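Peer 1: Fold the following and give me the result.
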Amino acid sequence: MSERYTVARITRDGEHFEVLVKPERALDYRLGRISAVTQVLAAETIFSDANKGTKVSEETLRKAFGTTETLKIAETILKKGTIQLTTEQRRKMTEEKRKQIIAFIARQCADPRTNLPHPPLRVEQAMEQIHHPIDPFKPAEEQAKDVIKLLRPILPLKMEQTAISVRIPAEYAAKAYGTIKAFGTIKREEWRADGSWYGILEIPAGLYGPLLEKLGEVTKGNAEAKITS
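Peer 2: Next up, the predicted model:
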């Protein structure tokens, strides 16, 4: 397959399904930058092998996807399947994800001997020693947890946790709850009679600033959050 077009594929019940896609558009679609699948497809055809031009029968499509509509099936493949990246796409995405992981570790972790954070360059140099593969699609925070475990034998690391008390007014409580959970562990919570929410959230110390910023966006500045003793 040339760099001009690539393949997105998925396997169901032992059957392979592929669509021929424009690589940049396919990546934009996967990342939510565009929503029209027609902008992604190089051909509105479902293949079992796009390189050979082998098409899938309608019976097989219906059995696997419950429909024979090409665009609906293509949407499923693009959202849930694997997108073949070009060499340059993978290089750029992997490098960007690596930088995000380094930034996360430098922000969230400290040297237990000094209680000071490690400079990003030191983290980067240590990562070069462990040769851990970077997944360009997997969230940086999730990958950082595995990287931290591998780094500890050569770079002393500890993750500082901070307890934050948070109060959300009733009109924003339901919407903000998901945001709160995404930042850390809720150690205690209370839905009050007036509909407001109060809780104690444990988060990595470096996320306190981002938490305040996000809560400010979601609640239009009406949330209260402070570090507890």
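Peer 1: rest of the way, CA atoms for contacts and neighbours
Peer 2: OK.
Peer 1: in this structure, which segments are predicted with low confidence?
Peer 2: 1-3, 205-206, 229 (pLDDT under 70).
Peer 1: show me where it has helices.
Peer 2: Listed in chain order, the helices of the chain (DSSP state H) span 23-30, 58-65, 70-80, 87-108, 120-130, 140-151, 170-183, 208-219.
Peer 1: Quick check, central residue of the chain?
Peer 2: For the chain, the residue sitting closest to the mean C-alpha position, by C-alpha atoms, centre = their mean, is P139 at 3.4 Å.
Peer 1: Over to it: give its phi and psi.
Peer 2: When read as degrees, to the nearest 10, the backbone of P139 gives phi -50, psi 140.
Peer 1: ok so, going back, columns mean neighbour count and distance to G14 on top of the helices of the chain, output as CSV?
Peer 2: Listed next are the helices of the chain as CSV, based on neighbours: other C-alpha atoms under 10 Å; distance: least, C-alpha to C-alpha, whole Å:
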stretch, mean neighbour count, distance to G14
helix 23-30, 19, 24
helix 58-65, 14, 10
helix 70-80, 18, 15
helix 87-108, 17, 27
helix 120-130, 14, 36
helix 140-151, 16, 30
helix 170-183, 15, 36
helix 208-219, 16, 43
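Peer 1: nearest to E189, of those?
Peer 2: helix 170-183 (10.6 Å; C-alpha to C-alpha).
Peer 1: How is this protein partitioned into domains?
Peer 2: Per the record, the chain has its domains at 6-83, 87-158, 161-227, by automatic domain parsing.
Peer 1: How far does the second one stretch from one end to the other?
Peer 2: Domain 87-158 has an end-to-end distance of 36 Å (C-alpha to C-alpha, to the nearest Å).
Peer 1: chain center to that domain, what's the gap?
Peer 2: 16 Å (C-alpha atoms, centre = their mean, to the nearest Å).
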